[in-house]
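J.: Next come a sequence and a model predicted from it.
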Amino acid sequence: MSTLASSFSPLRGLRALRTRLVLFFAGVLTAALLAFGGAVYVAAVIAEAAEDEPDHEKERELAAVRHRLALALITGIPVAVAASLGGAHLLSRHALASVGRIVRTANTLTLEHLDARIPSDASAGREIEELIAALNAMLERIARAASSLRRFTADAAHELRTPLTLMRTSIDLALRRE
């Protein structure tokens, strides 16, 4: 799939962790609100069934309960969804800020510049701190390996220079002779 086609995909935004978290929290809050509304209605029906009054009075009171419940849900669900979307966005932005710092630091690393380390952030949480520690340890191992490779290459070049110089000298002398 081309990158142009994939950038216009309607599901592209759903791949972002932040988007999925926000939608998850909004869905959970909406489901909880609907379940609570259903429980309130069932409780009202049970309470009305237990009362000793005429059926038309029970039906009128249940209609009033249904009306109030529908009004509460019609106003409550959008407010709850908006609040959960906003709250989840703020929470996920804060939670994923450390991941953004990790990505920015990783993007600055080159073979010549392996001394950068990811700054520790105690407010990020234990899991992110463990990730940062593991990545910094990995960067240290990579830096040591790159340094060893540089030393080996320099040593190999030095060791090869002497025999090559001798061979070149011998070839030059051989070419000068008749």
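T.: Here it is on my side, so go on. Bear in mind that the values here come from a model prediction, so they are computed numbers and not experimental data. Numbers count the residues shown, from 1 in each chain.
J.: where does this protein dip in pLDDT?
T.: 1-15 (pLDDT under 70).
J.: which helices and strands does the helix or strand in which residue 89 is found pack with?
T.: Assigned by DSSP states H and E, residue 89 belongs to helix 55-108. Helices and strands touching helix 55-108, by 3 or more C-beta pairs under 8 Å, 6 or more residues apart in numbering; DSSP states H and E, are helix 17-50, helix 126-176. Heads up, the C-betas are built off the backbone N, CA and C, glycines and all.
J.: Could you check how far the nearest residue to residue 111 once chain neighbours are set aside is from residue 156?
T.: Closest residue to residue 111 apart from its sequence neighbours, by C-beta to C-beta, 6 or more residues apart in numbering: residue 146 at 6.1 Å. Separation of residue 146 from residue 156 (C-beta to C-beta, to the nearest Å): 15 Å.
J.: Also residue 76?
T.: Computed as C-beta to C-beta, the residue 76 to residue 156 distance reads 73 Å.
J.: Same question for residue 98.
T.: In terms of C-beta to C-beta, residue 98 sits 41 Å off from residue 156.
J.: between those two, which one's more packed in?
T.: Each of residue 98 and residue 156 has its neighbours counted (other C-beta atoms under 10 Å); residue 98 has more, 21 against 10.
J.: Can you give me every residue that contacts the more buried one?
T.: With contact set as C-beta atoms under 8 Å, 6 or more residues apart in numbering, residue 98 has these partners: 121, 124-125, 128, 132.
J.: Could you pick out the buried ones from those?
T.: 124, 128, 132 (16 or more other C-beta atoms under 10 Å).
J.: now those as CSV including distance to residue 115?
T.: Output for the buried ones among the contacts of residue 98, formatted as CSV (distance: C-beta to C-beta, whole Å):
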residue, distance to residue 115
124, 22
128, 22
132, 16
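J.: nearest to residue 167, of these?
T.: Nearest to residue 167, judged by C-beta to C-beta, of the buried ones among the contacts of residue 98 is residue 132 at 51.8 Å.
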